[in-house]
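Q: Build the 3D model from these lines:
(one chain, ligands or ions: 3)
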Amino acid sequence: MPTEKPGALDLTGMQRAVRWYPPAYDIRVEAAPIPQIIDPDDAIVRVTLAGLCGSDLHIYRGHEDVDSDLTCGHEIVGEVVALGSSFHPQVTGRPELYSTLRVGDKVVSPFTVSCGECHFCRIGFTSRCVHSCLFGIPSLPGGQAQFVRIPKAGGTLFSLSALQYSATGIANRDLSHLSDSSLILLADILPTGVFAAMQALQHPKIAPMLTAKPYPLGGHFPAQTSSQGQAAAALQSEDRILTIAVVGLGPVGICATISLLDILASLESSQGLVYQVIAIDPLEARRNKMQAIYDAIDSTGKGGGRFAIASIEDGKNLAANWTNGAGCNAVLEIVGNNSALTLAYEVVRPFGIISSVGVHQEPPLPFNGRDVYNKNVSFDFGRCPVRAMFPIALDVLLKRQDVFGGVGTDSSLIEKVVALDQAVDMYKLFDKGDCGKILFNPWI
Ligand SMILES: NC(=O)c1ccc[n+]([C@@H]2O[C@H](COP(=O)([O-])OP(=O)(O)OC[C@H]3O[C@@H](n4cnc5c(N)ncnc54)[C@H](O)[C@@H]3O)[C@@H](O)[C@H]2O)c1
Ligand SMILES: [Zn+2]
Ligand SMILES: [Zn+2]
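A: Ligands and ions are numbered 1, 2, ... in the order given. The predicted model follows:
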């Protein structure tokens, strides 16, 4: 079984891996075959760190209707150790990595496969790529292992060795100071947090608060031709206060809150936006972590808006009290159960938005047609298109090294880095919310 770095490695033997067995709560750390190239577009990555995510818990708890054993994990940072025959310098007309990726390059893998070539990938909806596949299911072994096979690797992977872009357009940024424990956040939870925030803030129903024009005038349509005599009433300052609740303060909810505050702070300084944010979780430990992180962020990252961290009951009261009973303009739902959706529906105001990234299961949603009609509520659900969110998430990662850079301090998002052998205990702890973000180092 390999214990050393590549080079000294035989990539044909067995490896250590975290494996789950049905029906539920059965984690074993055991030997599994080292994955092989089975398609020309594949890469094999030596995993340097793998994350434990709230999404792993859905399978762990037996909520995903999976009936065969699997290798867990979908948050991966590592180093390329083998490439399929599709990778060579002369490749044209395909994603750039097919011609540039090299053995030895450092990479982050998003939590799902995306080809970079289909309609959905081209327009940025990469999480619904026609080849989409989640790591850590029976048909695609996950990253809580020493090695992982990456399908469609030229479209899926980010090469940190050759990263040349970010949302602010600064090319060739030096990422050498970023630790692997920080970079792994790009695989899933930071882009997902940014996505939850942007889905809400880019919604046309938020436009009146951002533009001071009443609906529908602040949207994307060309200039309106309404006559002066029938102009709509001017917005008053109280109409422009944007109130947003975040429901769920696990690692993803914290990433969403940090990203949301960062965007709101920049809107405050660029266009005088007034905002208030209520961050809700029933668990005191999760609320305390959020508070320590909020305290550590400087004013450019959180602005001057009102901010409260609350239990469920307190959150409901604040949502009413801070808005004269109207409720929140938007709610980010980052839990993945019906109690959270019920809370989101309760605290959202008419014409509000629920941006849900929680992974939901089979039971029917806790609202009926009359409920959604009666509030004119907008829902956005689903999987984060990590590839598309990556440049923006990278900017937040670089800016917020105070929170994302460290491990194990009060204000660091990542709580600990442990050996794969501790997986059984770590799944138990994380399942109960008794710890925050955990990473596995498969080589210790
Ligand atoms: N859409 C995506 O692409 C995507 C990506 C990553 C994770 N996720 C999902 O995001 C969710 C959160 O992930 P995580 O890693 O932070 O998980 P987590 O389990 O650590 O966090 C969930 C938090 O929600 C809290 N909670 C439970 N019920 C609540 C309620 N009614 N109201 C408020 N808070 C409540 C829990 O106390 C916990 O702190 C999971 O469902 C995960 O599967 C989705
Ligand atoms: Zn995840
Ligand atoms: Zn695709």
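Q: of all the residues in this protein, which ones are close to ligand 1?
A: Applying CB under 6 Å from any ligand atom, we find that the chain lies next to ligand 1 at 53-55, 57-58, 188-189, 192, 247-253, 280-283, 286, 312, 334-337, 339-340, 343, 357-359, 382-384, 433. Heads up, the C-betas are built off the backbone N, CA and C, glycines and all.
Q: repeat that for 5 Å
A: Selection of the chain residues close to ligand 1 by CB under 5 Å from any ligand atom yields 53-55, 192, 247-248, 250-252, 281, 283, 286, 335-336, 339-340, 357-359, 383-384, 433.
Q: I only care about those residues that end up buried; give me the PyMOL line for that.
A: To isolate the buried members of the residues of the chain next to ligand 1 in PyMOL, using 16 or more other CB atoms under 10 Å:
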select buried, resi 53+54+55+192+247+248+250+251+252+281+286+335+336+340+357+358+359+383+384+433
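Q: Cross the residues of the chain next to ligand 1 against strands and list the overlap.
A: V247 (DSSP state E).
Q: give me the low-pLDDT residue ranges for the stretch 51-200 of the chain?
A: Along the stretch 51-200 of the chain, segments meeting pLDDT under 70 span 162-174.
Q: rerun that using 80 as the cut-off
A: Flagging of the stretch 51-200 of the chain using pLDDT under 80 yields the residue ranges 162-177.
Q: circling back to that earlier point, sort out for me which of the residues of the chain next to ligand 1 are in helices.
A: Residues of the residues of the chain next to ligand 1 located in helices (DSSP state H): G54, S55, T192, P251, V252, R286, S339, A340.
Q: With respect to ligand 3, which of those is nearest?
A: T192 (18.6 Å; CB to the ion).
Q: which residues does that closest one contact?
A: V252, C255, A256, V357, C384, V386, M389 (CB atoms under 8 Å, 6 or more residues apart in numbering).
Q: beta partners of V18?
A: Taking DSSP bridges, one finds V29 as the beta-bridge partners of V18.
Q: related to what we said a few turns ago, the residues of the chain next to ligand 1: which ones sit near ligand 2?
A: Restricting the residues of the chain next to ligand 1 to those within reach of ligand 2 (CB under 5 Å from the ion) leaves C53, S55.
Q: Between all of the contacts of T192, which two are at the greatest distance?
A: Across these, the longest distance by CB to CB is 14.2 Å; it joins A256 and V386.
Q: tell me what the host helix or strand of S182 is packed against?
A: Here S182 sits within helix 180-183, counting by DSSP states H and E. In terms of contacts (3 or more CB pairs under 8 Å, 6 or more residues apart in numbering; DSSP states H and E), helix 180-183 is packed against strand 43-52, strand 414-419.
Q: Assign H177 to helix, strand or coil.
A: Of the three states, H177 takes coil under DSSP: H, G, I helix; E, B strand; the rest coil.
Q: what about it, distance to V77?
A: Going from H177 to V77 by CB to CB, to the nearest Å gives 15 Å.
Q: same question, C133
A: Separation of C133 from V77 (CB to CB): 19 Å.
Q: And the strands in the stretch 201-350 of the chain?
A: All strands of the stretch 201-350 of the chain, identified by DSSP state E, counting those that start in this stretch, fall at 242-247, 275-280, 306-310, 328-333, 348-356.
Q: Let me have the ones you listed in TSV, adding mean pLDDT and distance to D395 as columns.
A: Below are the strands of the stretch 201-350 of the chain laid out as TSV (pLDDT from 0 to 100; distance: least, CB to CB, whole Å):
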stretch	mean pLDDT	distance to D395
strand 242-247	98	20
strand 275-280	98	20
strand 306-310	98	21
strand 328-333	98	19
strand 348-356	98	20
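Q: For the residue lying closest to R149 once chain neighbours are set aside, give me its contacts.
A: Leaving out its chain neighbours, the residue that sits closest to R149 by CB to CB, 6 or more residues apart in numbering is P35, at 3.7 Å. Applying CB under 8 Å, 6+ apart to P35 gives the contacts I44, P141, F147, V148, R149.
Q: The third one: neighbouring residues, count only.
A: What that stands for is F147. For F147, the neighbour count with other CB atoms under 10 Å is 26.
Q: quick revisit: wait, which of the contacts of T192 is closest to V107?
A: Using CB to CB, V386 comes nearest to V107 of the contacts of T192, at 13.2 Å.
Q: Please identify which residue in this protein comes closest to ligand 2.
A: Going by CB to the ion, ligand 2 is nearest to C53 of the chain, at 2.9 Å.
Q: list the contacts for that residue?
A: By CB under 8 Å, 6+ apart, the neighbours of C53 are G73, H74, E75, F111, D188, I189, P251, V252.
Q: quick one: which of H177 and V77 has more around it?
A: V77 (27 against 9).
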